[in-house]
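> no sequence on this one, just coordinates:
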């Protein structure tokens, strides 16, 4: 990876850059450029972009995500998903990188963007596919809603806005497959007599953080089964963070051997 | 070009987010003194003063005993000294590490982990909450604690787990009488008493 990239002075006149909502969004785009690999690609999830581009700035991940969406809307980047990982690519990268010598650089480790990925991606919303992307997001809502109902945890009659918000919130950190897997694992555990965990959440409760990070809790079936097995219940406060010892039950430092 | 200038309020809000604190009111001055918190408060204040001769603190106790408030108060005190030290919830760190692990560029994980491990000051709140407590998680935490213990880096960890349920190798680092403090915050849950109820 070279130390940086070429920044053309035409950026000052670029309408797409100038029409971004504020200077922080413009800074995000400008500071993003030196981090692009030889194909103009980079990881595209807000958390990673924040840690790479703004390691010393106090900017909320939520804001970075908001600005990334603006960059997408303005056609400055395209985001796409491969195997649950989000990436971005700057479409005009090569045009602006005068003297770019790909042969002298390390090969890109980020999978290439293809139009098919655009179709299958759920997070990208460039103007030309906005309608399709929106339809895709709706499909995901319906798919996860049906997944939830099919597992017979709690039956919901209608897909509400609260559920959609919970799905959106879960999808910031997890792929659709992860969410589906966590729901499946949760259903298996909550319905089995082998496990002490039998509380049935609604879909919105399960996916939002209001009741803890349930996706993380149930994502890995082996771990979840081990944590919630009935015979492990005595030590459950260690695995199940919702059961905390009473103040008088704590061991004092002086009581340690 | 329209110059975007942050207002003082926005800057403060931005800083609050950066420090990952819930409120600027969570200061040492606003900390309610109840039975069982004295030793914890004293230790956190000592760290904030910069005069502590030790650098590792493990504060453990039940939910609502004020651990997070004290972490945030410490972060605020550091901010007053122009030192950025955010409060990191362990479950958030774990989730971020897992995301990095799924990343196809393996260096991402190492870069993040190293940056975290080598931070000049580190406040890890709520170990034991919201994560699964897998052996991998304990391994990573142990690695962080061990490194920081050896390098003399300021490290604060809070947990609602009993020390008997924490890995011995982690607890051991906090039992060093010279470098560390291991403190039980034995206060009861203060939250139900908020608002004078």
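Done, it's in. It should be emphasised that the depicted structure is a prediction, and the values quoted were computed from it without experimental measurement.
> CA only for contacts and neighbour counts going forward, please
OK.
> helices along chain A, start to end?
A:15-18, A:23-32, A:46-53, A:61-73, A:93-96, A:115-120, A:130-150, A:161-173, A:176-191, A:203-207, A:214-219, A:221-228, A:236-239 (DSSP state H).
> nearest to residue B:28, of those helices?
Nearest to residue B:28, of all the helices of chain A, is helix A:61-73, at 28.1 Å by C-alpha to C-alpha.
> any residue of the closest one touching chain B?
No - against chain B, helix A:61-73 shows no contacts by C-alpha under 8 Å from any C-alpha of the partner chain, the least distance being 9.7 Å.
> can you redo the helices of chain A as a markdown table with mean neighbour count, mean pLDDT and distance to residue A:252?
Shown next, in a markdown table, are the helices of chain A (neighbours: other C-alpha atoms under 10 Å in any protein chain shown; pLDDT from 0 to 100; distance: least, C-alpha to C-alpha, whole Å):
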| stretch | mean neighbour count | mean pLDDT | distance to residue A:252 |
| --- | --- | --- | --- |
| helix A:15-18 | 16 | 86 | 59 |
| helix A:23-32 | 18 | 92 | 49 |
| helix A:46-53 | 20 | 89 | 39 |
| helix A:61-73 | 20 | 87 | 39 |
| helix A:93-96 | 14 | 77 | 60 |
| helix A:115-120 | 14 | 52 | 55 |
| helix A:130-150 | 16 | 77 | 45 |
| helix A:161-173 | 17 | 83 | 38 |
| helix A:176-191 | 20 | 89 | 35 |
| helix A:203-207 | 22 | 87 | 36 |
| helix A:214-219 | 22 | 83 | 29 |
| helix A:221-228 | 18 | 79 | 26 |
| helix A:236-239 | 22 | 43 | 17 |
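> ok, which of these comes nearest residue B:73?
helix A:61-73 (23.0 Å).
> for the residue of chain A found nearest chain B, list the residues it contacts.
Here the residue of chain A nearest chain B is residue A:58; by C-alpha to the nearest C-alpha that distance is 4.4 Å. By C-alpha atoms under 8 Å, 6 or more residues apart in numbering or on different chains, the residues touching residue A:58 are B:14-15, B:17-19.
> in TSV, list these along with distance to chain A, neighbour count and secondary structure.
Shown next, in TSV, are those (distance: C-alpha to the nearest C-alpha, whole Å; neighbours: other C-alpha atoms under 10 Å in any protein chain shown; DSSP: H, G, I helix; E, B strand; the rest coil):
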residue	distance to chain A	neighbour count	secondary structure
B:14	6	17	helix
B:15	6	20	helix
B:17	6	17	helix
B:18	4	19	helix
B:19	8	20	helix
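> returning to what we had before: got phi/psi on the residue of chain A closest to chain B?
Backbone torsions of residue A:58, given as degrees, to the nearest 10, read phi -90, psi 80.
> so how far is residue B:92 from it?
As defined by C-alpha to C-alpha, to the nearest Å, residue A:58 lies at a distance of 17 Å from residue B:92.
> then residue B:34?
For residue B:34, the distance to residue B:92 - C-alpha to C-alpha - is 29 Å.
> likewise for residue A:193?
Distance of residue A:193 to residue B:92, given as C-alpha to C-alpha: 31 Å.
> what about residue B:166, neighbour count?
The local packing of residue B:166 (other C-alpha atoms under 10 Å in any protein chain shown) involves 17 other residues.
> related to what we said a few turns ago, of all the helices of chain A, which one is nearest residue B:27?
The closest approach between residue B:27 and any of those, judged by C-alpha to C-alpha, belongs to helix A:61-73 at 25.1 Å.
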